[in-house]
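Undergrad: 3D model of this:
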Amino acid sequence: MSQTAVEFWVDPICPWCWVTANWIVTEVAPHRDLALSWQPISLLFKNSPDPESQYYENSAASHRMLRVMEAIRAARGEDAVFAWYWQCGTRVHHDKDKFFDLADALEHIGLDRDLALAADDESWDVELRRRMDLGLELVGDDVGTPIIAFGCSDGTKRGIFGPVLTRVPSTETSLQVWDAMAALTTLDGFWELKRTRTERPELGPRPEV
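TA: Numbering: from 1, shown residues only. Below is the predicted model:
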């Protein structure tokens, strides 16, 4: 049985995205034979925060990480992209360090420190925005991250925003959530399930990276 190719759009700064990424990596992908690839969605581009706002500095720092992500993809491929996102998410959300040394983080996962130069190279924004727009074309512009997409039996690709999770459920529940989400994503005419969030994300243990 062939693997199901699944694309996941991320911004490293988003804690909700981080919880969902942990859910799909640790609990879903091993049991549903998913081949995951990681795509950028820049909340700096998406939300255009005012430079004087409380959101700008964090969004700008994460945008620099995404530029590096695209430089890594070009140089080393998809496996290295995942290692980079996992390193960024761990440092941002578990170590509470949003402004870590990018070159040191690259070296920690066995990548060239010079890839950090991409962080301040605006030419990477072209590819970053192109990939980001591919995700938004699937789900519309009034969402953020996470976005998840996969191919369907009719040959189309479908995407959906979410699931937005406070914590990673047990394996059994995680697979129930995935199966339900996959069914709804492929259902013509389905658009939205939502309720107001009343909890903050629970990040769980720090990954070994």
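
Undergrad: which residues of the chain fall in helices?
TA: In the chain, the segments counted as helices under DSSP state H are 15-22, 29-32, 43-47, 56-76, 78-89, 102-108, 125-139, 171-185.

Undergrad: Ok, which of these comes nearest residue 161?
TA: Between residue 161 and the helices of the chain, the tightest spacing by CB to CB is seen for helix 125-139, at 5.2 Å. C-beta here means a position set from N, CA and C on the backbone, and glycine is covered the same way.

Undergrad: In that closest one, which residues have enough neighbours to count as buried?
TA: Of the residues in helix 125-139, those buried by neighbour count under the rule 16 or more other CB atoms under 10 Å are 125, 127-128, 131-132, 134-136, 138-139.

Undergrad: ditto for stretch 157-171
TA: Residues of stretch 157-171 classed as buried under the neighbour-count rule (16+ other CB under 10 Å) are 158-165, 168.

Undergrad: got the CA positions of it in PDB?
TA: In PDB, the C-alpha atoms belonging to stretch 157-171 read as follows (Å, rounded to 0.1, in the frame of the first residue of the first chain):
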ATOM      1  CA  LYS A 157      -6.000  17.900  -3.800                       C
ATOM      2  CA  ARG A 158      -8.000  19.100  -0.900                       C
ATOM      3  CA  GLY A 159      -6.900  21.200   2.100                       C
ATOM      4  CA  ILE A 160      -8.300  22.300   5.400                       C
ATOM      5  CA  PHE A 161      -7.400  24.700   8.200                       C
ATOM      6  CA  GLY A 162      -6.800  22.800  11.400                       C
ATOM      7  CA  PRO A 163      -7.300  20.800  13.400                       C
ATOM      8  CA  VAL A 164      -6.600  23.300  16.200                       C
ATOM      9  CA  LEU A 165      -5.700  21.300  19.300                       C
ATOM     10  CA  THR A 166      -4.800  22.300  22.800                       C
ATOM     11  CA  ARG A 167      -2.900  19.100  23.500                       C
ATOM     12  CA  VAL A 168      -1.900  15.900  21.600                       C
ATOM     13  CA  PRO A 169      -4.600  13.200  22.300                       C
ATOM     14  CA  SER A 170      -3.900   9.500  22.900                       C
ATOM     15  CA  THR A 171      -3.000   7.500  19.800                       C
END
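
Undergrad: Thanks again, I'm all set now.
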